[in-house]
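Trainee: I would like the atomic coordinates for the input below:
(one chain, ligands or ions: 1)
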Amino acid sequence: MAIIMLARATTRLHLIWGVFCMTVILWGLGAYQIGISQDPARALFWWKFAYIGVIFIPIMFTHFVYIFLERKKRTFIWSLYLLGLIYLIGNLFTDKFINSVHLMFDSIYFLTPTPFYNSYFAFFIILVVYSHILLWKNYKIASGLRKQQIQYFFIGSFLGFFGGSFSFLPEYYINIYPFMNLTVSFYPIIMGFAILRYRLMNISIIMAQLLVASLWVFISVRALISEFGSHEQLLNIALLLITVFVGILLNNSVIKEIKSREEIERLAKDLEGANEELKQLDAAKSEFISLAGHQLRAPMTAIKGYTSMLIEGSFGKVAERSKEALERIFTSTEILTKLTSELLDLSRIETGKMRYDFNSVNIAEIIQNILRELEMNARNKGIALKFKNETKNNIRVFGDMDKIHEVIINLIDNAIKYSGEGKEVVIWLKNPANGTGRALVAVEDFGIGINPEEIGRLFGKFERTEESKKIRPDGMGLGLYFAKKIVEDHKGRIWAESKCQGKGSTFFVELPVA
Ligand code: ADP
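Mentor: I've put the predicted structure just below:
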């Protein structure tokens with residue numbers, strides 16, 4: 001919210017700055033014409049002209065300072081503009097504001113103040129002093145970049161107004177030549193420096209506005225100095241109208257572009273925040289899963305233990321029908337245990353808490369243990385498990401025994417799970433291929449197979465083939481994800497091959513030899 005408001009304030013700042021520059025330009029143009037006026041009537045005309053801009057200089061400046069300092073007092077600013085409008089009407093349509101001039105320094109016609117003009121003069125001084133006091137106060141409490149911005153702004157505007165106000169002296173018959181006007185030219189230099197160095201405002205907007213403003217002034221001057229009613233003057237006025245139109249379009253499009261850039265920056269910041277929040281939520285989720293997983297383990301072990309004791313008849317003879325039910329409880333609890341440990345592993349991986357205990361391990365031994373564990377399972381499905389060891393029995397790999405066990409048991413378990421009754425599963429253990437230094441374990445089955453397009457993504461989190469979902473809705477698609485993570489942490493390689501669906505598949509694991 002604060003950023004949006006700031007972005008809005010910046011755009012308004014540019015707008016006010018642009019118009020403010022225009023008022024100063026009007027003054028400059030008028031002052032030049034006054035300087036070269038030879039007769040009082042002409043000088044009077046240019047005084048009135050210059051004051052179209054001058055009237056609004058202190059008002060726009062105060063407005064600018066208000067936005068720059070992020071002060072909010074709209075009614076105050078609007079009443080200033082209203083007052084400015086009254087002076088403008090007085091200047092354009094009456095002779096109560098400026099009605100005569102007098103010669104000073106034998107060369108320049110200065111306006112002669114009227115009471116109405118005097119009130120404007122007081123208004124000018126009060127606003128300028130007030131704005132500078134505001135700037136000064138803010139300067140004292142600001143820090144860092146902001147302090148430097150205010151400092152430059154203050155020095156620039158102070159010099160501008162201080163020098164500029166010397167123009168008032170000869171109006172009141174004070175014989176001091178307004179040479180201090182020169183400091184006004186420091187104003188744009190200092191402001192320009194501040195803009196560039198301290199990013200006071202957006203430089204591209206300033207450039208566009210300066211370009212447009214100078215074009216307007218150039219063409220206005222041409223229109224004014226060309227012969228009244230001539231073709232040239234008409235052409236210049238037409239040109240002026242076109243450049244005013246194009247200039248406004250250009251300015252708007254630059255402002256729009258800046259706005260959208262600021263909007264993108266804001267969105268990126270928001271996104272960053274949201275991302276951070278998501279990360280925290282994700283961490284909290286992993287933490288929760290890990291906690292819940294640990295809590296579930298103990299009761300499940302108890303259920304499994306007591307059920308198996310019941311089945312074995314440790315608490316007395318159990319009827320055949322009850323035994324069947326108990327066996328179902330037992331297998332379901334086993335699935336539940338597997339799911340829980342998978343979730344635990346997942347949270348370990350995601351929180352980076354996966355720990356390994358690296359040793360030289362006998363891979364053939366691990367496979368044999370697994371075969372013993374899965375024997376019952378396979379037999380129930382009428383599946384023959386065959387181990388073809390092409391290495392000498394004592395080939396050793398470098399790794400964490402339990403984790404390697406987890407990887408291979410998952411592959412063989414899958415091979416059984418995704419094969420029809422009566423098929424066979426062959427486990428190969430091969431010597432390292434030339435130059436790889438890695439022993440190869442391959443688990444080959446003749447089951448449902450995998451579509452070649454699907455093979456790559458199966459090692460991702462929660463990925464499963466459509467076919468497998470139909471026949472085994474209980475899988476989570478996490479086993480291969482862990483296997484990949486573990487194998488990669490062992491500097492090994494895991495991949496799968498399948499001719500096509502229905503033709504079986506083979507999973508390969510390469511592990512570095514110890
Ligand atoms: P799960 O078996 O619990 O779904 P895995 O990560 O172990 O999870 O396997 C991911 C998916 O890969 C399985 O759901 C299945 O679609 C496919 N898959 C794994 N092994 C085999 C296999 N031997 N034959 C056919 N598909 C398999």
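
Trainee: and this structure, which of its residues are near the ligand?
Mentor: Counting by C-beta under 6 Å from any ligand atom, the chain comes close to the ligand at 410, 414-415, 418, 445, 447-448, 450, 458, 463-465, 468, 475-481, 505. C-beta coordinates here come from the backbone N, C-alpha and C atoms, glycine included.

Trainee: give me that answer again for 8 Å
Mentor: Residues of the chain found near the ligand (C-beta under 8 Å from any ligand atom) are 342, 410-411, 413-415, 417-419, 443, 445, 447-450, 454, 458-459, 463-465, 467-469, 472, 474-483, 496, 498, 504-505, 507.

Trainee: the residues you listed in helices, which ones?
Mentor: Applying DSSP state H to the residues of the chain next to the ligand, the entries found in helices are 342, 410-411, 413-415, 417, 454, 467-469, 479-483.

Trainee: narrow the residues you listed to those that are buried.
Mentor: Burial by neighbour count, 16 or more other C-beta atoms under 10 Å: within these this picks out 342, 410-411, 413-415, 417, 454, 467-468, 479-483.

Trainee: ok, those residues vs Gly160, which is closest?
Mentor: When these are compared for distance to Gly160 (C-beta to C-beta), Tyr481 wins out at 68.2 Å.

Trainee: after the strand or helix carrying His63, next one along is what?
Mentor: Assigned by DSSP states H and E, His63 belongs to helix 57-68. Next in sequence after helix 57-68, counting helices and strands by DSSP H and E, comes helix 74-93.

Trainee: any residues touching that following helix, and which ones?
Mentor: The contact list for helix 74-93 (C-beta atoms under 8 Å, 6 or more residues apart in numbering) reads 48, 51-52, 55-56, 59, 62-63, 66, 96-98, 116, 120, 123, 127.

Trainee: farthest-separated two in the residues you listed?
Mentor: Across the contacts of helix 74-93, no pair lies farther apart than Tyr66 and Lys96, at 29.5 Å, counting by C-beta to C-beta.

Trainee: between these two, which one's more packed in?
Mentor: Neighbours were counted for Tyr66 and for Lys96 using other C-beta atoms under 10 Å; Tyr66 has more, 22 against 13.

Trainee: please report the distance of the nearest residue to the more buried one once chain neighbours are set aside from the ligand.
Mentor: Spatial nearest neighbour of Tyr66, excluding adjacent residues (C-beta to C-beta, 6 or more residues apart in numbering): Ile77 at 6.1 Å. Here the criterion is C-beta to the nearest ligand atom, to the nearest Å. By it, Ile77 lies 67 Å from the ligand.

Trainee: one more: Trp428?
Mentor: The spacing between Trp428 and the ligand, counted by C-beta to the nearest ligand atom, is 14 Å.

Trainee: which regions of the stretch 251-400 of the chain lie under the pLDDT threshold?
Mentor: Along the stretch 251-400 of the chain, the parts satisfying pLDDT under 70 run over 393.

Trainee: make it 90
Mentor: 251-266, 282-298, 318, 331, 334-355, 376-377, 380, 391-395 (pLDDT under 90).

Trainee: all strands for it, in order.
Mentor: Using DSSP state E, counting those that start in this stretch, the strands of the stretch 251-400 of the chain run over residues 359-362, 384-389, 396-399.

Trainee: circling back to that earlier point, just give me the least confident of the ones in helices among the residues of the chain next to the ligand.
Mentor: Ranked by pLDDT, these bottom out at Glu342, which scores 83.

Trainee: the host helix or strand of Lys137 relative to helix 74-93, how many degrees between them?
Mentor: Secondary structure from DSSP H and E places Lys137 in helix 115-141. Relative orientation of helix 115-141 and helix 74-93, computed by axes from the mean of the first three to the mean of the last three C-alpha atoms, to 10 degrees: 150 degrees.

Trainee: now the helix or strand following helix 115-141 and helix 115-141, what's the angle there?
Mentor: Per DSSP H and E, the first helix or strand lying C-terminal to helix 115-141 is helix 144-164. Put simply, helix 144-164 runs at 150 degrees to helix 115-141, going by the same axes, to 10 degrees.

Trainee: which strands and helices sit next to helix 144-164?
Mentor: With contacts taken as 3 or more C-beta pairs under 8 Å, 6 or more residues apart in numbering; DSSP states H and E, helix 144-164 sits against helix 57-68, helix 115-141, helix 186-198.

Trainee: now for the residue of the stretch 201-350 of the chain found nearest the ligand: which residues touch it?
Mentor: Of all residues in the stretch 201-350 of the chain, Glu342 sits closest to the ligand, with a separation of 7.6 Å (C-beta to the nearest ligand atom). Contacts for Glu342 (C-beta under 8 Å, 6+ apart) come out as 476, 478-479, 482.

Trainee: how about CSV for those residues, with distance to Asn275 added?
Mentor: As requested, those are arranged in CSV below (distance: C-beta to C-beta, whole Å):
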residue, distance to Asn275
Met476, 27
Leu478, 25
Gly479, 29
Phe482, 26
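
Trainee: and of those residues, the nearest to Pro40?
Mentor: Closest approach to Pro40 among the contacts of Glu342 (C-beta to C-beta): Leu478, at 95.4 Å.

Trainee: would you quantify the distance from that closest one to Arg348?
Mentor: Separation of Leu478 from Arg348 (C-beta to C-beta, to the nearest Å): 12 Å.

Trainee: name the residue in these two with the higher neighbour count.
Mentor: Set Leu478 next to Arg348 and count neighbours by other C-beta under 10 Å: Leu478 wins out with 22 against 18.

Trainee: follow-up on the earlier one: avg pLDDT for the helix holding Lys137?
Mentor: Helix 115-141 carries an average pLDDT of 93.

Trainee: that helix to helix 57-68, inter-axis angle?
Mentor: Angle of helix 115-141 versus helix 57-68, following the same axes, to 10 degrees, is 20 degrees.

Trainee: now helix 115-141: buried residues?
Mentor: Quick answer for helix 115-141 (16+ other C-beta under 10 Å): 116-117, 120, 123-124, 127-128, 131-132, 134-135, 138-139.
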